[in-house]
Each structure stands twice: as structure tokens, then as C-alpha cells.
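*Asks:* Structure, please.
(chains A and B, ligands or ions: 3)
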Amino acid sequence: MKVTVEVNGTTYSDDVEPRLLLVHYIRENCGLTGTNVGCDTSSCGACTIHLNGESVKSCTVLAAQADGQKVTTIEGLANGDQLHPMQQAFHENHALQCGYCTPGMIMASVSLLDEIPNPTEAQVREGLEGNLCRCTGYHNIVKAVLAAAEGKVGAQ
Amino acid sequence: MIPVAFDYKRAGSAEEAIALIAEYGDDAKLLAGGHSLLPLMKLRLATPSVLVDVGRLSDLSYITDAGDHLAIGALTRHRDVETSELLAAQSPLLAHSAANVGDNQVRHRGTIGGSVAHADPASDLPATLLALGATFVAKGPGGERTIAATDFFEGFLESALAADELLTEIRVPKTPGAGWGYQKFNRRAQDWAIVGCSVIRNGTTGVALVNMGSTPLRATAVEQAIAQGASAKDAAEFAAEGTEPPSDLNASPDYRRHLAKVLVRRALEAAGV
Ligand SMILES: Cc1cc2nc3c(=O)[nH]c(=O)nc-3n(C[C@H](O)[C@H](O)[C@H](O)COP(=O)(O)OP(=O)(O)OC[C@H]3O[C@@H](n4cnc5c(N)ncnc54)[C@H](O)[C@@H]3O)c2cc1C
Ligand code: FES
Ligand code: FES
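*Replies:* Numbering: from 1, shown residues only, chains lettered A, B, ... in the order given. Ligands and ions are numbered 1, 2, ... in the order given. This next block holds a predicted model:
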């Protein structure tokens, strides 16, 4: 079947099998490999992207379901060389070690602040419950999201 | 993990979905949010040869005040149930239960109708809808019918919906100001309940259990004890009566029976019993 998806502002049109998962469409058809596959069982959040502005796990969405919709991936956040404030906050707060969870974690965090602009620490922790990180212990991730919410980035 | 190949049809209306399901018969499956069906298909535990996508039927996504009850379209996502101001005022138990489903990403996709139709005893919303005494509206080739929640859940992942029926609406009584409690015990934040309990206290007290049998269950012995004046603690002693809790990696049946008593007591206390 034919699907047309706007990814990071660029329109992609492809003939795909209906069973193609959105994450594979993004990685293989669009060539955007920033979105990772971690668990492939809807649990880890590594594959989190925005579908029409909201966080979703792209290993649990068909490319066919995204037909005609807008997708944003980690590659779509920065403005040229200028990191998105959430990326900058992760950088400044050492919110990553191996970095595998980071694209999904950042996409989930941006969506979280869209819905709750001034979250408490508890709301950040709960809001990121769908994203697993095996390295950091979450502490600095939470710090980064709170810093982004408070506009405390690029300050050093 | 890749699902077995299938044909994909996108329905433009409820009528078209019903016609497509009728055309393809047992090989076809409705696809709503896909957050129960797609994981099963990826594991190849479900292998439909046609998917009829109803995910774009935005006219079945609504939460409205229908006078003597609240009407919720089957395609309404968990996120919209969780954040609805109408539900916060008129059915906070339902909004709170939806907020307990999975994680943000799951709630951005999964729908209330999918949760009900999937009939998973470990899901949050079926038990709450059972406690509330909800009614479900189903549409098929022969027209529309309503099914009481108490008659709906027939077995593990089995419901009273016929294969050619589309669930269109969930109706719940208004319970502004009623006492309520929802307790969910799990080990990972985003997970299904190992055991859960939903309580609504609005004159009478409705108590339902999550993951204590092959269907969501009304804890009738607890309800009777309360009707006879028992305290929350004494009534909760009956929590496991008539249940057949499953055994899995998370918990043995005995542990679940113990959890049920603790969670029922806490939910009853939160509801003001
Ligand atoms: C990581 C993860 C964690 C989760 N955690 C929880 C949790 O903690 N608690 C919980 O309750 N749930 C949980 N879920 C399940 C989630 O709530 C699902 O969204 C929901 O169970 C199914 O809704 P859906 O719209 O995604 O349905 P789908 O997956 O699209 O469909 C499910 C089934 O219902 C049928 N169906 C769907 N809509 C209709 C309709 N309108 N009429 C007739 N049949 C229909 C489909 O044919 C299919 O058989 C989780 C899911 C994931 C992936
Ligand atoms: S890869 Fe999608 S949630 Fe883990
Ligand atoms: S930084 Fe390694 S998994 Fe999160």
C-alpha cells in the first residue's frame, strides 16, 4: 500500500507492506536512524517519536496508521546547529551515559512538557514511566527535564 | 518482531467498518489504538489476515453529558478520559482509572473501546466500568444493542460482542461527589495490575477486582458485607471469595488473595466506607 508521511517537515511517500512498523519506516525508508529499537515489545520507550505532536512508541504503530499524519523524530528537534532546549538540558545535566535511551527519553520529555509545562519532580518521574534507562539511574534525566521546564539551559 | 502479513483497510465510518468486518468474516480484526492487538500480532499470537482500522473514526471520540448518564465514544483515547473536565466532575473514578493505564505513550494511542473489547481481566478500565455499572453500545449488521457490563465479560479475552459487532459507546452513570477508590499493585510503573480494586460509593457500594480471575469480577461478598454495615476492614476479609486468581511470574494465587484483601480495604477506606 501507499503511505505518505510528513517526517520532520519533509514529505515521504512509499509503497510499503501493511505490516511495516512505523519505527522501521522511519529508520529504513526515511533513513532516520536516531530513533532506536530497544525492546520491540512496547516496554522501553527507546522508539518514542511524536505522532501529531504527542509521544508514541513507534514499534507499536503501523506505518499505515501514520499515513497522512505528521511525525517528529529526534532529528527534527534541533534548529540547525542550535540544540532544542531539551537536548541542551540533557547535555548540560549529564542526563545520558551510553545514549541508547536518549532519543526516546528526549521525545517523551518534550511531549511531557507540552502537556504539563511546570511539572513537579514526581510528575516528571511518572511522566517518563514508559521510558527505561539502564545507565543513569534517572536522577540526572529528571534534573534535565526540570531544568528545561524552568528555562535553565545554556546558562553555564 | 514482524506480524504475519495482512491486508489493511481503513474504515471511513462505523457503517463501513461493520460492512468490512462482515465481508471478511472471522479472518478480519478491528484495529483501534492497536496497543493490545499489535503487540499480540508481533508475537504472532494473533494472525488476522485483514485489519479494519477504525482509529480515524473521530465521530466516535467524545465524552458528553447525556442527561441521566455520561456517554463516551468507543474511540476515545485513555489520555482524553484521563484529562476530561467533565469526567473529573462527574466520574472521577473513571478518569483516575484511565490515568493508571500503562504510560503516557500508551495513553496517547489506546482507546476505552479497545480496552473493553479486549476484555483483559488485568486491565484497569473493565473493572472500573463493572463497579460503576456501565452499559456498552454495540452496532452490527442487524442494528444496535446495549449490553450491561455485568453481562459483557464472558471469559479470558472473551466478551459478549459478536465478531461482526463494533463497540460504539460506553455509558456510565453520573457520580458527582460520590466516594471512590482505585488501588493498583504492580512492580513496574507502566505495567498491568498484579491485582487491582475499584470502588464506587454512591448510596450503595460497588466493588470490582482486577486480575483475580479470567474476567474482571464484582466482589459481591464484600458488597453484601458493606450493605449489612460491616467496616472496611471486616468487609475486605471477603475480597477473595468466589475468585480464581491466576498464577504467573509475578504472583501465586495465594499472594493475589492476600493482595486483594489489602487493596480492597484501602480502596474502601479511600471511598469513605
Ligand atoms: C506497554 C503497554 C502497557 C499497558 N499497560 C496497561 C495497563 O497498565 N492497564 C491497562 O488496562 N491496559 C494497559 N495496556 C493496554 C492498553 O490499555 C490498550 O490500549 C487497550 O487495552 C486496548 O485499546 P486499543 O485501542 O489499543 O485496542 P486495539 O489493540 O486496537 O484492539 C484490542 C482488541 O479490541 C478490539 N477492538 C478495538 N476497538 C474495538 C471496537 N470499537 N469495537 C469492537 N472491537 C474493538 C480489536 O479488534 C482487538 O481485538 C498497555 C499496553 C501497552 C502496549
Ligand atoms: S522499542 Fe518500542 S518500546 Fe521498546
Ligand atoms: S543512557 Fe544508557 S540506557 Fe539510558
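
*Asks:* can you count the residues close to residue 150?
*Replies:* Unless you meant another one, I'm taking chain A. The number of residues packed near A:Glu150 is 10, by other Cβ atoms under 10 Å in any protein chain shown. Using the backbone N, CA and C atoms, a C-beta is placed for each residue, glycine as well.

*Asks:* you looked at the wrong chain, it should be chain B
*Replies:* Neighbour count of B:Thr150, defined by other Cβ under 10 Å: 11.

*Asks:* Show me what secondary structure element comes after the strand or helix carrying it.
*Replies:* Element membership for B:Thr150, per DSSP states H and E: helix B:149-152. As assigned by DSSP H and E, the chain's next helix or strand after helix B:149-152 is strand B:153-155.

*Asks:* Could you list the paired strands of the helix or strand following that next one along with their orientation?
*Replies:* Later in the chain than strand B:153-155, the nearest helix or strand by DSSP H and E is strand B:158-159. With DSSP bridges as the test, strand B:158-159 is paired with strand B:153-155 (antiparallel).

*Asks:* Contact partners for residue 93?
*Replies:* Here I'm looking at chain A. Contact partners of A:Asn93, counting by Cβ atoms under 8 Å, 6 or more residues apart in numbering or on different chains, are A:140-141, A:143-144, A:147.

*Asks:* oops, chain B please
*Replies:* B:128, B:131-132, B:175, B:178, B:180-182, B:198-200.

*Asks:* okay, the residue in chain A that chain B sits nearest to: pLDDT?
*Replies:* Proximity to chain B, evaluated over chain A using Cβ to the nearest Cβ, is greatest for A:Gly130 at 2.8 Å. Here the pLDDT value assigned to A:Gly130 is 97.

*Asks:* ok, now which ones touch it?
*Replies:* For A:Gly130, the contacting residues are A:45, A:48, A:55, A:57, A:108, B:102-106, B:190, by Cβ under 8 Å, 6+ apart.

*Asks:* can stretch B:110-117 be found next to chain A?
*Replies:* No: Stretch B:110-117 is not in contact with chain A by Cβ under 8 Å from any Cβ of the partner chain; minimum separation 9.7 Å.

*Asks:* Please see if that stretch touches ligand 1.
*Replies:* Yes: Stretch B:110-117 comes into contact with ligand 1 (Cβ under 6 Å from any ligand atom), by way of B:110-111, B:113-115, B:117.

*Asks:* just to revisit the earlier point, in helices, which of the contacts of B:Leu93 appear?
*Replies:* Assignment to helices by DSSP state H places the following of the contacts of B:Leu93 there: B:128, B:131-132.

*Asks:* with these in mind, which one is nearest to ligand 1?
*Replies:* For the ones in helices among the contacts of B:Leu93, the minimum distance to ligand 1 (Cβ to the nearest ligand atom) is 9.6 Å, reached by B:Thr128.

*Asks:* show me what contacts that closest one?
*Replies:* B:Thr128 makes contact with B:93-94, B:97, B:182, B:198, B:208, according to Cβ under 8 Å, 6+ apart.

*Asks:* swap the cut-off to 6 Å and go again
*Replies:* Listed by Cβ atoms under 6 Å, 6 or more residues apart in numbering or on different chains, the contact set of B:Thr128 reads B:93-94, B:97, B:198.

*Asks:* burial count for residue 137?
*Replies:* Chain wasn't specified; assuming chain A. A:Gly137 has 10 nearby residues by other Cβ under 10 Å.

*Asks:* Not quite, go with chain B.
*Replies:* Residues near B:Val137, counting by other Cβ under 10 Å: 19.

*Asks:* Could you check how far it is from B:Val116?
*Replies:* Taking Cβ to Cβ, to the nearest Å as the measure, B:Val137 falls 11 Å from B:Val116.

*Asks:* is any part of the helix or strand encompassing B:Leu30 close to chain A?
*Replies:* Using DSSP H and E, B:Leu30 sits in strand B:28-31. No: Strand B:28-31 lies apart from chain A when judged by Cβ under 6 Å from any Cβ of the partner chain; the minimum separation is 7.8 Å.

*Asks:* What residue, apart from its backbone neighbours, is nearest residue 96 spatially?
*Replies:* Using chain A. Ranked by Cβ to Cβ, 6 or more residues apart in numbering or on different chains and with sequence neighbours excluded, the top spatial neighbour of A:Leu96 is A:Thr102, at 4.5 Å.

*Asks:* should've been chain B
*Replies:* Nearest to B:His96 is B:Tyr182, by Cβ to Cβ, 6+ apart, at 5.3 Å.

*Asks:* Residue nearest the middle of chain A, spatially speaking?
*Replies:* When Cα atoms, centre = their mean is applied to chain A, the residue found nearest the centroid is A:Met107 (2.5 Å).

*Asks:* in the strand or helix carrying that residue, what counts as buried?
*Replies:* Using DSSP H and E, the element containing A:Met107 is helix A:102-115. By neighbour count on 16 or more other Cβ atoms under 10 Å in any protein chain shown, the buried set for helix A:102-115 is A:102-113.
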